[in-house]
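Asks: next comes the sequence, and after it the predicted model I'd like to discuss.
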Amino acid sequence: MTTTDTILEKLHENAKPDAVDGMKKYGITPSESLGVSIPILRSIAKDTGKDHELALALWEIDLRETRILASMVDVPSKVTTEQMDRWARDFDYWEICDQCCMNLFEKTSLARDRAFEWSGKQEEFVKREGFVMMARLAVSDKQAPDEAFLAFFPVIEREAVDGRNMVKKAVNWALRQIGKRSLYLNNRATECAERIGKIDSKSARWIASDALRELRSEKVLERLNRKVARNH
């Protein structure tokens, strides 16, 4: 049975203190970090296997590596709304926010509900998580109909005025990823971006111009048109 002590032992064996300063350059600024790389964390998580109780215990250790591992070894079907909200309140830099979403939150049945809920919060990284979730669902939720993503556009438009860097980047990411899912959503995302571009806000104008640059790019439109052709 894997315990937090055995996990911590493995983490210290793979610690790279010199990497911590390098992470700071990219905005990875946890209160405590051993500098262990994501590939090594994935390897440890694979060896550990899924374990909900272990994940909860790992999260309580306020260390970058144990919290990322918690998101990797947790069992999506056992995650509750309360747990998601509790973890989200602990987010204080972008990496843990994004890792939790990609490794765990987007795989739960609660993902869409939390995306809407968190997008309206004031806390910077809780709000970011809402839009990261939207972006990730646009990529990973293959079975969802395009119409399921339409409700995200008013939320994206509403929050486009938030000038905080980690929020506006996530809002932009959500808009672009939804718009790259299909030709239909590309048209809807383009219309949304055009509306956002008319808002009297520096953040909104940046989100709109950056998103439109990609949504209207030849590369994206060619791929989406090929997808339409394959489906007919």
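Replies: Here it is on my side, so go on.
Asks: where does pLDDT dip in this structure?
Replies: Low-confidence segments of the chain (pLDDT under 70): 1.
Asks: longest single helix anywhere in the protein?
Replies: helix 124-140 (DSSP state H).
Asks: list the buried residues of it.
Replies: Neighbour counts over helix 124-140 (16 or more other Cβ atoms under 10 Å) mark 124-138 as buried. Where C-beta positions appear, they are placed from N, C-alpha and C, glycine not excepted.
Asks: got it, and stretch 12-28?
Replies: Neighbour-count burial for stretch 12-28, counted by 16+ other Cβ under 10 Å, picks out 15, 20, 23, 28.
Asks: which residues of this protein fall in helices?
Replies: Using DSSP H, helices in the chain cover 4-13, 17-24, 38-48, 52-60, 64-73, 81-90, 94-103, 111-119, 124-140, 152-159, 165-179, 183-197, 202-215, 218-230.
Asks: show me what contacts residue 31?
Replies: Residue 31 sits next to 62, 92 when contact means Cβ atoms under 8 Å, 6 or more residues apart in numbering.
Asks: quick one, what contacts the nearest residue to residue 172 once chain neighbours are set aside?
Replies: Spatial nearest neighbour of residue 172, excluding adjacent residues (Cβ to Cβ, 6 or more residues apart in numbering): residue 207 at 4.6 Å. Listed by Cβ under 8 Å, 6+ apart, the contact set of residue 207 reads 160, 168, 171-172, 175, 193, 196.
Asks: nearest to residue 142, of those?
Replies: residue 175 (19.7 Å; Cβ to Cβ).
Asks: assess the claim that the closest one and residue 156 are in contact.
Replies: Yes. Counting by Cβ atoms under 8 Å, residue 175 does reach residue 156; the two are 5.2 Å apart.
Asks: which residues do those two both contact?
Replies: Contact criterion Cβ under 8 Å, 6+ apart; residues shared by residue 175 and residue 156: 192, 196.
Asks: what about those two, which has more around it?
Replies: residue 175 (31 against 24; other Cβ atoms under 10 Å).
Asks: contacting residues around the residue nearest to that one when sequence neighbours are not counted?
Replies: Counting by Cβ to Cβ, 6+ apart, the nearest residue to residue 175 once its immediate chain neighbours are dropped is residue 211, at 4.7 Å. Shown in contact with residue 211 (Cβ under 8 Å, 6+ apart): 172, 175-176, 179, 189, 193, 196.
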